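>>> Have a look; sequence and predicted model below, questions after that.
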Amino acid sequence: MEEGSGRGDRGKVQGSGGRIGDASPGEVAAGPASASVRKAVKMSETCDFIPYDDNDDDEDSEQPLDSGGSSDAPCEGMHDTPDYIRRGAARLRIAPLELFSGPSSQEPSSLAKGGAALETSNNGVAAPKAGHPEGISSIIGADGAQEATIGCQSVHGTRHIEEDKGKCNCCGQLKQQYSLLLREKEECRRVLEDLMRENELKSRECHEAQASLHELKMELMRKSMHVGSLAFAVEGQVKEKGRWCQLLKDLSEKFKALKSGHLILLQESLECKRFVADATHMTRTIQQHVNQYASLEREFKDLKEKFSEETKERKDLYNKLIELKGNIRVFCRCRPLNGEEIEEGASMAVDFESAKGGELIVRGHVSSKKVFRFDSVFSPEEDQEKVFEKTAPFATSVLDGYNVCIFAYGQTGTGKTFTMEGFEGARGVNYRTLEELFRIINERQGLFQYEITVSVLEVYNEQIHDLLLTGTQPGATTKRLEVRQAAEGVHHVPGLVEARVTNMDEAWEVLQTGSKARVVGSTNANERSSRSHCMHCVMVRGENLMNGEQTKSKLWLIDLAGSERVAKTDAQGERLKEAQNINLSLSALGDVISALATKSQHIPFRNSKLTRLLQDSLSGDSKTLMFVQISPNENDVGETLCSLNFASRVRGVELGQARKQVDVGELSRYKLMAGRAKQDSKNKDVQIKSMEEAIQSLEAKNKAKDLLTMNLQEKVLQTCLTSFSFL
Ligand SMILES: Nc1ncnc2c1ncn2[C@@H]1O[C@H](COP(=O)(O)OP(=O)(O)OP(=O)(O)O)[C@@H](O)[C@H]1O
């Protein structure tokens, strides 16, 4: 009983230990064995006889575990059937056979056959070699010993039956054995029941396992699908990754480029920082300069005002100086004896050596001498330059806005044209005055603006001709012009050509054009004598850029016709008429100048074309300079005295006739007059000198201020440039 119980427990333990649900695929193969066991049990329950058939086992073993036939366990799974199941199955089949076939019906051969069947069974299950003792013992184990004993007893019993037929003691034993076997059978049945329960349990477990397997398969399928989708997703992700990798690569390159750009920008930013620092510095500097500029501008404005005031002051002073010297000034110039005169042995009628301080002594006939005093006396040795030194201030007056008239008066051939025009290498007053005008204009550039026009005309036989009209030939009859009064104190000649000139070359070209057109003829008095008044009119329009003051002034440069007396020339007819007209105009000019000098109420400008033309430049605060040209020739002394008398009249100071041989009283009176005149002259000279000094100092001041202004302007300009170039 204990053995059977032990076997049953063992099988139970082993069976429960081998749960299909928990088993590996090899363990799941135990399913067919359980099925065969179940089959065997059912059969034993019905007929208590279980025929052993290897094929059935094989079939069972080959039959899939689950009805769905989805078992993966092949027939070889049988080889993996646990031993306890095989042993239990073998036992269940064999023992009842031996017991129920019993000693009554079974032969020892059948027992042997049973042993052989056992062997076969063992072979079929465990595959040991037939009859191999180790195989049997290994299958049967400890229980096998009992069975063997039973077998032996059966055999022995059989023998006793054969030997001792009818002996009942054996029956008792057999009954005991039988009862034992019955108990064992019961035990086996219980085991079987346990096994069946276990089997059912296992079946349920199997079903559960199948269900779980199915679920697992479904899960697997889902997982597979999921994996597929995941694979698809992964593929997509891989592609995406590739794209991202490419993007990353591109981004890396971009990043590199950006990094290098960043470095460049960093450097640039550093430079910019430096620039900003510089800019800040510059801004401060600019601000300083702007402040400086503002203060300079204020200073400049003040200077401008001061400059304007001082310019006016200078102009007034200069004008006063001119006025002190005389608005009507007379310079006497004597030409040298020409070659012909020297050849003829002509002697000098003019004494320059004994004359001093603008005095001129003319030796008259019968040992008489006449002293003349002029503003300046130029001996034959004094050149054009020396003459112009004293003439130049008039050019300044013109640019200051005063009308000026410079003319040469004298007998034919005394050097009027030479003084006014001169020639190349010895330019006269015309050229030099214009040159001086342009020099001063350039000097005043930036402060004043000037516009210069030049007209050239002649007055011949009391007719005005424009010498700049094209096609004008010497002696040809040109359009007659008239003098018109445009406004109070403004006279002009309508239709007169006014050539605008901007430099000396242009101006000189215009002057030359006019000179060439001048009417030239010959007289008995001189081989080349002009019988017309050649007049150059220079119009100056000026603007003071500091205060906007505008001026309009006129400069007349006149080479008058010869002043010889009609009687001396022996002129007749046309020449006589010319001479009379010349005398008329010159006489009218003398009258006008004389009236101006004596500040007469009536100035007879209308007596001749010449005086009408010169009206603006002879009246008011105009300046007049007369060159009285004389001949040194003793033979011309009469004409010389006439010219000098005329000039003296013009100057308004007539020292009177100097007599060499005069009584003491008369002499004393003349000496007293001369002394007074000298004193007056000296006082005037002192005044003039002090005024000149004042003017010079003012001019120096103005120059310094001009320089300062220009420097300031340059500085401001540089600052602005610097600012702009930085920005
Ligand atoms: N200061 C001088 N020095 C040298 N030569 C002179 C001087 N003055 C005049 N002459 C000469 O005397 C000559 C006559 O001069 P010019 O023709 O200028 O006289 P004029 O008064 O103009 O005569 P006209 O009335 O006929 O025009 C010229 O040859 C000139 O060169």
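Great, that's in hand.
>>> Near residue 540, how many residues? Count them for me, please.
Counted with other Cβ atoms under 10 Å, residues neighbouring residue 540 total 23. For the C-beta atoms, the positions are set from N, CA and C on the backbone; glycine is no exception.
>>> Surely it touches residue 396?
No. With contact taken as Cβ atoms under 8 Å, residue 540 and residue 396 are classed as non-touching, separated by 11.4 Å.
>>> Run through the neighbouring helices and strands of the longest helix anywhere in the chain.
Once the chain is assigned using DSSP state H, the helix that runs over the most residues is helix 169-325. Identification of packing neighbours for helix 169-325 by 3 or more Cβ pairs under 8 Å, 6 or more residues apart in numbering; DSSP states H and E yields helix 2-17, helix 30-47, helix 83-105, helix 133-163, helix 384-399, helix 664-726.
>>> weakest of those helices by average pLDDT?
The minimum mean pLDDT among the helices and strands packed on helix 169-325 belongs to helix 2-17 (a mean of 39).
>>> what's the model's confidence in stretch 232-247, averaged?
Across stretch 232-247, pLDDT averages out at 84.
>>> residue ranges with poor pLDDT in the stretch 401-550 of the chain?
Screening the stretch 401-550 of the chain residue by residue with the criterion pLDDT under 70, one finds the ranges 470-479, 488-489, 518-530.
>>> For it, which residue gets nearest to the ligand?
The stretch 401-550 of the chain approaches the ligand most closely through residue 415 (2.5 Å), counting by Cβ to the nearest ligand atom.
>>> what sits against that residue?
333, 335, 408, 629 (Cβ atoms under 8 Å, 6 or more residues apart in numbering).
>>> Put together JSON lines for these, with distance to residue 210 on each row.
Written out in JSON lines, the entries for the contacts of residue 415 read as follows (distance: Cβ to Cβ, whole Å):
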{"residue": "333", "distance to residue 210": "156"}
{"residue": "335", "distance to residue 210": "159"}
{"residue": "408", "distance to residue 210": "153"}
{"residue": "629", "distance to residue 210": "158"}
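>>> Going through those, which ones are buried?
For those, burial is judged from neighbour counts taken by 16 or more other Cβ atoms under 10 Å, and it is met by 333, 335, 408, 629.
>>> Find the nearest non-adjacent residue to the second one, please.
By that I understand residue 335. In this structure, residue 335 finds its nearest non-sequential neighbour in residue 415, 3.9 Å apart by Cβ to Cβ, 6 or more residues apart in numbering.
>>> Ok, residue 503 next?
Taking Cβ to Cβ, 6+ apart as the measure, residue 503 lies nearest to residue 438, with 6.2 Å between them; neighbours along the chain are not counted.
>>> The one you found - how many residues pack around it?
Residue 438 is surrounded by 19 other residues when neighbours are defined as other Cβ under 10 Å.
>>> That one contacts residue 508, correct?
No. Using Cβ under 8 Å, residue 438 is not in contact with residue 508, being 10.4 Å away.
>>> Excluding chain neighbours, give the residue nearest to residue 604 in space.
Residue 604's closest residue in space is residue 591 (Cβ to Cβ, 6+ apart), at 5.2 Å.
>>> Quick check on that neighbour: phi, psi?
As for residue 591, its main-chain torsions (degrees, to the nearest 10) stand at phi -60, psi -40.
>>> Pretty sure residue 606 is one of the things it touches, is it not?
No. Here residue 591 does not reach residue 606: they are 11.0 Å apart, not a contact under Cβ under 8 Å.
>>> So the two - more neighbours on which side?
Set side by side, residue 591 and residue 606 show unequal neighbour counts under other Cβ under 10 Å, the larger going to residue 591 at 19 against 12.
>>> what's near enough to touch the more buried one?
For residue 591, counting by Cβ under 8 Å, 6+ apart, the contacting residues are 604, 607, 611.
>>> Save those as CSV, and put in distance to residue 461 too.
Shown next, in CSV, are the contacts of residue 591 (distance: Cβ to Cβ, whole Å):
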residue, distance to residue 461
604, 20
607, 15
611, 16
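>>> Can you name the residues of the stretch 551-700 of the chain sitting close to the ligand?
The interface of the stretch 551-700 of the chain toward the ligand, taken as Cβ under 6 Å from any ligand atom, is made up of 562, 629.
>>> Tell me which stretches of the stretch 401-550 of the chain form helices.
416-420, 429-443, 504-516 (DSSP state H, counting those that start in this stretch).
>>> which element is the residue of the stretch 551-700 of the chain found nearest the ligand on?
Of all residues in the stretch 551-700 of the chain, residue 562 sits closest to the ligand, at 3.7 Å by Cβ to the nearest ligand atom. Taking DSSP states H and E as the criterion, residue 562 maps to no regular element, lying outside all helices and strands.
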